[in-house]
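1. Quick one, fold the following:
(chains A and B)
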Amino acid sequence: AQSVTQPDIHITVSEGASLELRCNYSYGATPYLFWYVQSPGQGLQLLLKYFSGDTLVQGIKGFEAEFKRSQSSFNLRKPSVHWSDAAEYFCAVGVGGNTPLVFGKGTRLSVIA
Amino acid sequence: SQTIHQWPATLVQPVGSPLSLECTVEGTSNPNLYWYRQAAGRGLQLLFYSVGIGQISSEVPQNLSASRPQDRQFILSSKKLLLSDSGFYLCAWITLRAGRYHGYTFGSGTRLTVV
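-> Residues are numbered from 1 along each chain as shown, chains lettered A, B, ... in the order given. Prediction:
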């Protein structure tokens, strides 16, 4: 069965600084990979996804993520963080069909001035 | 367009009372539907999923049940709420565009507080 690890529970960055959120997965083949963002009290919004092809994927709000098969990782990056990026971020792994997505426990991002 | 509706947004219920949360989707047919619960600091826990009318898979044994009376309706219920049922409940469905899998779309969630 697939699993997802987000090793950082909470990260604080300064506004304008770069950001990298880590995600490692465990699965025998290449899964579908997702990053979602959740603002307080809201549902989850899809930031970006990887299915196949180019390993660097672009998403909304200036985010990107890189799939590295050798490291079983799908880290999320943003070159310059804005205060509005403060939220919780979830990495998820899927295998398609009827099998439910498996989510990591999330990383809470705080942005300071 | 494809949308998902979830209500109510907020609910405060006494211990021992019943529960009914509803989720409906529009703009698609025969979607896979999911109920997740999010407790503080514990990420997303899959509770139930359904691949069709009357088909429910339970992931975690607990005080809750789910039903799918119609193709686009997914209901989460409890006969008697416990304090531990408090949390943020999210409904989701598998998004397909032009027949291709695009992951999940989530509802806006229901904040349940059991007092």
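2. what pairs with the lowest-mean-pLDDT helix or strand in chain B, and is each one parallel or antiparallel?
-> Using mean pLDDT, DSSP states H and E, the weakest-scoring helix or strand in chain B turns out to be strand B:100-106, at a mean of 82. Sheet pairing of strand B:100-106 (DSSP bridges) gives strand B:87-97 (antiparallel).
3. Near B:Arg68, how many other residues are there?
-> 20 (other C-beta atoms under 10 Å in any protein chain shown). All C-beta spots, glycine's among them, are computed from the backbone N, C-alpha and C.
4. Need the pLDDT of it.
-> Looking at B:Arg68, its pLDDT is 95.
5. Wait, a strand at B:Ser84?
-> No. Under DSSP: H, G, I helix; E, B strand; the rest coil, B:Ser84 sits outside any strand and is assigned helix.
6. Please tell me the pLDDT value assigned to it.
-> pLDDT, read off for B:Ser84, is 91.
7. element containing the closest residue to A:Cys23 other than its chain neighbours, please.
-> Leaving out its chain neighbours, the residue that sits closest to A:Cys23 by C-beta to C-beta, 6 or more residues apart in numbering or on different chains is A:Cys91, at 3.5 Å. Using DSSP states H and E, A:Cys91 falls within strand A:87-94.
8. The helix or strand just after that strand - what's its average pLDDT?
-> Using DSSP H and E, the helix or strand that follows strand A:87-94 in sequence is strand A:102-103. The pLDDT scores in strand A:102-103 average 91.
9. any idea which helix or strand carries the most centrally placed residue in chain A?
-> The centre of chain A sits closest to A:Trp35, judged by C-alpha atoms, centre = their mean, with a distance of 3.5 Å. For A:Trp35, the host element (DSSP H and E) is strand A:32-38.
10. Which parts of chain B are strands?
-> B:3-7, B:10-13, B:19-26, B:33-38, B:44-52, B:55-58, B:65-70, B:73-78, B:87-97, B:100-106, B:110-114 (DSSP state E).
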